[in-house]
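Student: build me a model:
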Amino acid sequence: MLTRLILTSAFYLLLSVTHAQQVRSIPAVKINQPIKIDGNLNDEAWRSIEPTGDFIASQPVFGRPSVKRTVVKIAYDNSAIYVGAYMYEDPRNIRRQLTARDVIDRQNVDIFAVGFDTYHDHQNAFIFRVTAANVQADAKQSQNGSSNGGVVTDASWDAVWESKTSIKEDGWVAEIKIPLSAVRFSNKNIQDWGLNFGRFIRTENENSIWNPINPNISGELNQWGVWTGLSNIKAPIRLSFLPYLSGGVRVSPTNNGDVTEFLKSGGMDVKYGINEGFTLDMTLIPDFAQVQSDNVFLNLSPFQVKFDDYRPFFTEGTELFNKAGLFYSRRIGNAPGLSASVLTEFGNNPNYQIIKNPGITRLYNATKLSGRTKGNLGIGIFNAVSVPMYAKIKNLNTGQDSTILTEPLTNYNILVLDQALKHRSSVSFTNTNVLRKGNTRNANVSSLDISMFDKKNNYNFSVAGKYSNIWGKQGNKNGFTTAAGFGKVSGIIQYRANLVVESDKYDPNDLGYIQNNNSLEYNANVSYNIIRPTRYFLNYSYRASFSNIYLYRPFNWATFQVNARAFFLFRNFWDLSFSFQSSPTWNKDYFVHSNVYTGYFLRRTPYYYFGISGSSDSRKKLFFSWELGGAESPLPKDPYWATNLGLRYRVSDKLQFSASMNILQDRGNWGWSFLINPDGSPIIARRNVKTNTMVLSGQYNFNSRMNVNIRMRHYWSLLNNTNFYNLKPDGYWNEVAFIPNQNLNFNTFNVDMFYTWDFLPGSRFTIAWKNALGSNVTIDPYANTSYLKNFGRVIDNPHSNEVTVKLVYYLDYLKLRRRKA
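Tutor: Numbers count the residues shown, from 1 in each chain. Predicted coordinates for the structure are as follows:
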């Protein structure tokens, strides 16, 4: 066994070195006439351009030549980049499922991709992909993350570019035109860009790359080839406008009848290229109504819930602002802080009627300025100003109306300076600032982050320091956090160790997100990664980690946890994973009922969790994934188990359906009962929690630019209290008399349906319907204990409905000027 391990490691070390030294290059060819984009490579300009090819597989088996031949040509002129690719293949094997834009991964499609590292800094790139059905996908990629080899992909970034594909007798063709205005680059007479091409062959599940990317080497952009000698390219005037109009109606149920709101809005996004490297993005009176509903769940912890952001302006091109981890974009334009209180206080009060209670904070505007200088200094400036929000209440006895301020006018600011250094290293400074009218609470947070890689890209050292300052009528406080880490980031064996200290006053939550502060943690992980096929596996990996956490003030030990995982990808593209998690000793939960330490803590039992999961070959029409896990502790009658099943069926290249069901039961769920004793101490509950989450979705694509998508999600959690306890000073407990009528039946139900038509490049027409269970609905937790009976009550109860129509039209200044001329 030891001999086999040594030989395997030596083989991959040699393979890694061989491919790490292989950097391919293409001389840039400038043409005088633009190429017509029609999906054919018969334009005269293509004939004079030398082709390239010889792609190398990165997945599923790294290092071998691609199973199919690919030929690529690339050229540029003063306004655009042109790429022509011929993918040889039996036409019967070319997969061309129709999907929505940017939704092409793990679909039944063949893909061609091209990427440009325009500053050749190995840290930032623009990616353009097109499927055989001519569905486009684009993204920005950076290498400043803490996982996945540091690779961070921003798929929300959308550029306006042209593509055409066609099927030939011996393959398929992709022809692409990317305006220079779609990318950023330095102002140099002669430039070299990082470059790579990629191809995905669905029938083989093969990713092949022009300049090989070794999965066991940290990062991707540092393994790209080079496009040499671009000369005298000047960024054209990059000025575009996206005016929009939207309207609709929302009906929300209350105990006093339905509240009807007519929705109308209009605004504009403006994108202006200040120079070759910097872009100004502005949104005036933005409208964020047509976004997917949040995956709300029953939160039994004292911590805030962090939701994904689906609003393009706050997700597109924000990788620079997120580098220090201080920007949680949902803080901007979230629900007004007092809107829920208004609904609770007046929604069920027979003496009052809610005339208006906005659920979203509107914005006057938001602005982003970002880019890089010649010296590779990244600069980002962000500003947003929110509208003060008011609820309107009518007293039914007096007929008098009154208004309640639910969110004050607020100004949000971010400044980022990010200096890229050699070998993927960087130094960055970030500052966030939040100012509220009325001086209720203001915040300022600063961060300095340093990440250093060695010349061979084998090791990384990082250190960071953050300082927060809160002031205003609600009080003043200052806090800090520091972090340091070192690890081996490339090779078969990789490892890392980290130390993180957060003071008890550190608080970035006005524009960032942390669950709790007041901790000192050290953790470490190690992984063993084999990408060479064996008799049974295409690749496999093992990973183990641990974390040990203390309370920072007062300094007390809190918890210790170990994790392990094994992953195996079989030769038939099925996969299997085993996972283990344990906290082998009694822990101390210092945040049992508050996200700040209040002097009380709960002793939590040791536990051992084992899980197994897997999935089938996603190339098949029917694809499924599954997971099964269970945990146990020394306490009697304390089992935990969870299972998940996901299905996806592709009816045709236009229609597919998906379904998933997650079932969880925790018979020994310990936590705060949300009740307080007269002395202020929390009452602890032991409870049996059952949770079911069902998601159904369907997509129909009329063509590569028009689709209908529908998604239904039902979340149900039934909480049954079995015992109540008072905490003792040592964290253990004394049982108290049972407290009746504290069980909980929690449901969320959402239907989101979107019709989307990209009728012109950059222009979109959408119709959205959103249905949701009324927020004031209560379902009896004692009479509805089965899933089907509970689901029937969910359907029977009042639901809110919203229908909106939105038109966005893309206007490009250069095209408007040419038409006028």
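Student: show me what contacts V342?
Tutor: I354, N357, A391, I393, I404, T406 (Cβ atoms under 8 Å, 6 or more residues apart in numbering). Every residue, glycine included, has its C-beta placed from N, CA and C.
Student: show the pLDDT at the second one.
Tutor: Confidence at N357, expressed as pLDDT, is 86.
Student: for it, phi and psi?
Tutor: Main-chain dihedrals, N357, degrees, to the nearest 10: phi -150, psi 80.
Student: which residues touch the residue lying closest to it once chain neighbours are set aside?
Tutor: Counting by Cβ to Cβ, 6 or more residues apart in numbering, N357 lies nearest to A391, which is 4.3 Å off, once chain neighbours are set aside. Taking Cβ under 8 Å, 6+ apart as the contact definition, A391 lies against P336, L338, S339, V342, I354, K356, N357, P358, T403, I404, T406.
Student: quick one: the fourth one is in a helix?
Tutor: This means V342. Yes. V342: assigned to a helix according to DSSP: H, G, I helix; E, B strand; the rest coil.
Student: distance of it relative to I404?
Tutor: Going from V342 to I404 by Cβ to Cβ, to the nearest Å gives 6 Å.
Student: which residues sit in contact with the closest residue to S293 other than its chain neighbours?
Tutor: Using Cβ to Cβ, 6+ apart and skipping the chain neighbours, the partner closest in space to S293 is N750 (4.1 Å). Taking Cβ under 8 Å, 6+ apart, we find N750 in contact with S293, R711, M712, R713, K770, N771, A772, L773.
Student: helix or strand for N750, which one?
Tutor: Taking DSSP states H and E as the definition, N750 sits inside strand 744-760.
Student: quick check: buried residues in that strand?
Tutor: Within strand 744-760, the residues that qualify as buried are 744-758, counting by 16 or more other Cβ atoms under 10 Å.
Student: quick check: buried residues in stretch 75-84?
Tutor: A75, Y76, D77, A80, I81, Y82, V83, G84.
Student: what of stretch 645-652?
Tutor: Of the residues in stretch 645-652, those buried (16+ other Cβ under 10 Å) are G646, L647, R648, R650.
Student: if we can go back for a sec, just how off-centre is the strand holding N750 within its chain?
Tutor: 18 Å (Cα atoms, centre = their mean, to the nearest Å).
Student: just the pLDDT at A289, thanks.
Tutor: pLDDT, A289: 63.
Student: picking that back up, give me the common contacts of V342 and I404.
Tutor: Joint contacts of V342 and I404 (Cβ under 8 Å, 6+ apart) are A391, I393.
Student: and which of the buried residues of stretch 75-84 is nearest Y552?
Tutor: I81 (52.0 Å; Cβ to Cβ).
Student: hey, what's that closest one bridged with?
Tutor: Y76, I178 (DSSP bridges).
Student: go ahead and flag the most central residue of this structure.
Tutor: Residue closest to the average C-alpha location in the chain (Cα atoms, centre = their mean): D308, at 6.5 Å.
Student: residue contacts, it?
Tutor: D294, N295.
Student: isn't there a strand covering it?
Tutor: No. Judged by three-state DSSP, D308 forms no part of a strand; its state is coil.
Student: how close does it get to F624?
Tutor: 24 Å.
Student: same thing with N478?
Tutor: N478 is 52 Å from F624, by Cβ to Cβ.
Student: of these two, who's got more company?
Tutor: F624 (17 against 14; other Cβ atoms under 10 Å).
Student: what sits against the more buried one?
Tutor: F624 touches S615, S616, L645, G646, L647, R648, counting by Cβ under 8 Å, 6+ apart.
Student: return the closest of those residues with respect to S704.
Tutor: Closest to S704, out of all of the contacts of F624 and judged by Cβ to Cβ, is R648, at 20.4 Å.
Student: surely that closest one forms part of a strand?
Tutor: Yes. Looking at R648 with three-state DSSP, it is inside a strand.
Student: my read: it touches K620, true?
Tutor: No. Using Cβ atoms under 8 Å, R648 makes no contact with K620, being 9.6 Å away.
Student: so T766 touches D758, yeah?
Tutor: No. T766 is not in contact with D758 according to Cβ under 8 Å; the separation is 9.7 Å.
Student: so what sits against both of the two?
Tutor: Between them, T766 and D758 share no contacting residue, judged by Cβ under 8 Å, 6+ apart.
Student: picking up where we left off before, from the contacts of V342, which ones fall inside strands?
Tutor: With strands taken from DSSP state E, the overlap with these comprises I354, A391, I393, I404, T406.
Student: now the helices for the protein?
Tutor: 2-20, 44-47, 312-315, 339-346, 787-796, 813-820 (DSSP state H).
Student: return the set of buried residues in the fourth one.
Tutor: Right, helix 339-346. S339, V342, L343, F346.
Student: nearest residue to the second one other than its sequence neighbours?
Tutor: Closest residue in space to V342, ignoring its immediate chain neighbours: A391 at 4.5 Å, by Cβ to Cβ, 6+ apart.
Student: try T804
Tutor: G248 (3.2 Å).
Student: for that neighbour, what are its contacts?
Tutor: Counted by Cβ under 8 Å, 6+ apart, G248 has contacts F262, L263, K264, A289, A768, E802, V803, T804, V805.
Student: pick the one among the contacts of F624 closest to I332.
Tutor: G646 (32.7 Å).
Student: pretty sure that closest one contacts W626?
Tutor: Yes. Taking contacts as Cβ under 8 Å, G646 lies within contact range of W626: 7.3 Å.
Student: leaving aside the residues adjacent along the chain, what's closest to S673?
Tutor: A685 (3.7 Å).
Student: sorry, that was for S218
Tutor: V489 (3.7 Å).
Student: contacts only, for that neighbour.
Tutor: V489 sits next to G149, G150, S218, F453, N457, N458, Y459, N460, R496 when contact means Cβ under 8 Å, 6+ apart.
Student: so the fourth one versus G229, what's the distance?
Tutor: For F453, the distance to G229 equals 28 Å [Cβ to Cβ].
Student: for the second one, same thing?
Tutor: In this structure, G150 lies at 29 Å from G229, with Cβ to Cβ as the measure.
Student: one more: the third one?
Tutor: With the distance defined as Cβ to Cβ, S218 ends up 29 Å from G229.
Student: with neighbour numbers in mind, choose between those two.
Tutor: A count of neighbours by other Cβ under 10 Å puts S218 above the other of S218 and G229, at 25 against 15.
Student: before we move on, the earlier item: tell me what the residue nearest to S673 is bridged to.
Tutor: Residues in beta-bridge contact with A685 (DSSP bridges): G671, F724.
Student: shouldn't it be in contact with W672?
Tutor: Yes. A685 is within contact range of W672, at 7.4 Å (criterion: Cβ under 8 Å).
Student: in ChimeraX, select just the buried ones from the contacts of G248.
Tutor: Buried residues among the contacts of G248 (16+ other Cβ under 10 Å), as a ChimeraX selection:
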select :289,768,802,803,804
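Student: in strands, which of the contacts of G248 fall?
Tutor: Short answer: the contacts of G248 in strands (DSSP E) are F262, L263, K264, A768, E802, V803, T804, V805.
Student: can you tell me the closest non-neighbouring residue to the last one?
Tutor: Counting by Cβ to Cβ, 6+ apart, I767 is the residue found nearest to V805 once chain neighbours are left out, at 5.4 Å.
Student: return the residues in contact with F765.
Tutor: Contact partners of F765, counting by Cβ under 8 Å, 6+ apart, are T756, W757, F759, K806, L807, V808.
Student: distance of it from F759?
Tutor: 6 Å.
Student: what pLDDT does the residue nearest to S218 get?
Tutor: Value listed for V489 in the pLDDT field: 92.
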